[in-house]
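S.K.: structure for the following, please:
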Amino acid sequence: MKIGVYVTGYEPQSGGGYTFESDLFTELLLHVNRGRSQRFYLIVPEEHVTRKFLESLPPSLQVIKVRTKRFMGRFLALLASECSFYRAHSKSLSPLDRAAKSAGIDFIWFLAAGNHRTDIPYLTVLWDLQHRATPWFPEFSAQGMWDRRELNHRSFLQRAAAIITGTEQGKIELKKYYEIDEEKILLLPHPTPSFALKAGTAKEDIFFNFRIEGRYILYPAQFWPHKNHINLLEAMDIYIKNGGPALTLVCVGSDKGNREFVEKAAKRLGIEKFVKFLGFVSRAQLVVLYKNAVALTYASYCGPENLPPLEAFAIGCPVLASNIPGAKEQFGDAAILFSPEKPEEIALKIRILVEDDELRSSLIARGRIRAEQWTAKEYITKVVSYLNDFSHIRKNWP
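M.R.: Residues are numbered from 1 along each chain as shown. Take a look at the predicted model:
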């Protein structure tokens with residue numbers, strides 16, 4: 001079976017999407033180099049072919065370029081994604097199918113989450129259904145976003161040969177919101193990021209002068225409303241007013257339009273000198289921040305799976321995280337959980353961890369065990385096993 005692996009080509013500033021896709025892509029190359037049975041091809045949007053992670057590909061891995069949509073192509077793609085009548089009566093192939101069929105592709109594996117029009121059998125991954133679970137956040141609903149997500153997800157997910165989700169909660173949501181048959185759902189947890197696993201065993205650190213005085217807690221998250229910075233700031237205010245040991249909150253991540261609002265909230269609370277905003281940082285910088293933090297405080301409302309806690313586990317940073325659906329399944333006993341909407345509870349959990357070195361050591365040990373349980377290698381192995389099984393179905397037509 002000829003398998004086209006669709007690589008979106010996320011940039012580092014994309015955060016978890018870049019980490020997830022690049023790790024799986026690297027492991028897939030190792031699988032191809034080992035000369036396994038399936039024949040893999042790389043499907044890439046035309047404008048991403050020269051991206052750095054596509055360099056030095058093995059000769060056996062052919063690259064299939066998908067043409068960038070021109071104006072009419074973009075219009076038809078939009079029509080196809082939002083109009084079931086058009087999909088039912090249009091006979092034209094999508095740019096993806098034209099490229100894939102010209103190479104004789106039998107099956108498409110979307111390495112990262114996406115919504116693409118194709119008549120070729122495909123496997124995709126679902127990161128979240130937050131537009132359904134938390135539709136009140138503007139990034140999931142404003143300016144037609146909810147409707148676009150809903151239209152794209154419904155047709156794309158229901159047509160998939162199989163869907164990968166990382167938790168039982170993800171499986172529940174697929175069945176609940178889109179009536180997906182349980183047999184079509186593959187439960188494969190997000191792999192622990194490889195850079196974090198390597199950093200956790202490294203003996204030396206690169207020094208960066210972040211000008212952070214004393215102990216600090218770390219929150220690596222892009223500035224979206226659902227990342228819940230405001231409740232975390234209010235928790236810091238309570239922590240400080242209740243006489244907690246000296247502590248700084250360090251926030252890193254790209255601005256998605258909400259950073260100014262968050263910074264103003266810190267000033268309104270009068271705690272701006274206890275909060276440091278570093279913006280987007282490199283992986284090397286992030287590793288150093290993890291290694292020297294008292295704890296990761298991952299306050300996001302959304303999931304059910306998130307990568308920063310896995311990174312912290314691997315690097316040896318204790319984890320405080322939101323008790324959202326799926327969190328206990330993902331973290332086990334390796335994290336302290338809090339209600340993301342309760343600043344008083346967040347403040348209390350922070351103080352408990354800051355003042356208890358024995359608890360921190362215990363969480364670090366449990367976190368490292370959790371981090372090593374599931375890597376990109378296991379993930380790729382499970383997907384390839386599914387592909388081998390599906391090949392017996394696919395051989396029944398040309």
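
S.K.: contact partners for the spatially closest residue to Val319 that is not a sequence neighbour?
M.R.: Leaving out its chain neighbours, the residue that sits closest to Val319 by C-beta to C-beta, 6 or more residues apart in numbering is Ala335, at 4.0 Å. Any C-beta I mention is one placed from the backbone N, CA and C, and that applies to glycine too. Each residue near Ala335 by C-beta atoms under 8 Å, 6 or more residues apart in numbering is listed here: 309, 319-321, 327, 363, 367.

S.K.: ok but Met236 is inside a helix, no?
M.R.: Yes. Assessed by DSSP: H, G, I helix; E, B strand; the rest coil, Met236 belongs to a helix.

S.K.: now for it, how many residues are close by?
M.R.: Neighbourhood size, Met236 [other C-beta atoms under 10 Å]: 25.

S.K.: what does Pro45 give?
M.R.: 19.

S.K.: so what's it bridging to?
M.R.: Val66 (DSSP bridges).

S.K.: confirm for me that it is in contact with Gly9.
M.R.: Yes. Using C-beta atoms under 8 Å, Pro45 makes contact with Gly9 at a distance of 6.4 Å.

S.K.: show me whatever sits in contact with both of these two.
M.R.: Counting by C-beta under 8 Å, 6+ apart, no residue touches both Pro45 and Gly9.

S.K.: of the contacts of Ala335, keep whichever come out buried.
M.R.: The neighbour count (16 or more other C-beta atoms under 10 Å) marks 309, 319-321, 327, 363, 367 as buried among the contacts of Ala335.

S.K.: just those: which are in strands?
M.R.: 319-321 (DSSP state E).

S.K.: including distance to Asp119 and pLDDT, could those go into CSV?
M.R.: Listed next are those as CSV, based on distance: C-beta to C-beta, whole Å; pLDDT from 0 to 100:
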residue, distance to Asp119, pLDDT
Val319, 43, 98
Leu320, 46, 98
Ala321, 41, 97
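
S.K.: of these, which is the nearest to Leu232?
M.R.: Set against Leu232, the nearest of these by C-beta to C-beta is Leu320 (10.0 Å).

S.K.: that closest one pairs with what?
M.R.: Taking DSSP bridges, one finds Thr297, Ile336 as the beta-bridge partners of Leu320.

S.K.: from what I see, it and Thr297 are in contact.
M.R.: Yes. Contact between Leu320 and Thr297 holds when scored by C-beta under 8 Å: they sit 4.7 Å apart.

S.K.: give me the contacts around stretch 249-266.
M.R.: Contacts for stretch 249-266 (C-beta under 8 Å, 6+ apart): 13, 15, 139, 210, 212, 216-225, 227, 229-230, 232-233, 236, 272, 274-281, 286, 289, 293, 297.

S.K.: how far does it sit from the chain's center?
M.R.: Distance of stretch 249-266 from the chain centroid (C-alpha atoms, centre = their mean, to the nearest Å) equals 20 Å.

S.K.: alpha carbons only: can I get it in PDB?
M.R.: C-alpha atoms of stretch 249-266 as PDB (Å, rounded to 0.1, in the frame of the first residue of the first chain):
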ATOM      1  CA  LEU A 249       5.500  34.100  37.900                       C
ATOM      2  CA  VAL A 250       7.300  33.800  34.500                       C
ATOM      3  CA  CYS A 251       5.100  33.700  31.400                       C
ATOM      4  CA  VAL A 252       6.500  32.700  28.000                       C
ATOM      5  CA  GLY A 253       4.700  32.200  24.700                       C
ATOM      6  CA  SER A 254       3.600  34.000  21.500                       C
ATOM      7  CA  ASP A 255       1.100  36.700  21.700                       C
ATOM      8  CA  LYS A 256      -2.200  35.700  20.000                       C
ATOM      9  CA  GLY A 257      -3.900  39.100  20.800                       C
ATOM     10  CA  ASN A 258      -4.400  38.800  24.600                       C
ATOM     11  CA  ARG A 259      -1.000  39.700  26.100                       C
ATOM     12  CA  GLU A 260      -1.700  43.400  26.500                       C
ATOM     13  CA  PHE A 261      -4.900  42.500  28.400                       C
ATOM     14  CA  VAL A 262      -3.000  40.100  30.700                       C
ATOM     15  CA  GLU A 263      -0.200  42.700  31.300                       C
ATOM     16  CA  LYS A 264      -2.800  45.300  32.200                       C
ATOM     17  CA  ALA A 265      -4.400  42.900  34.600                       C
ATOM     18  CA  ALA A 266      -1.100  42.400  36.400                       C
END
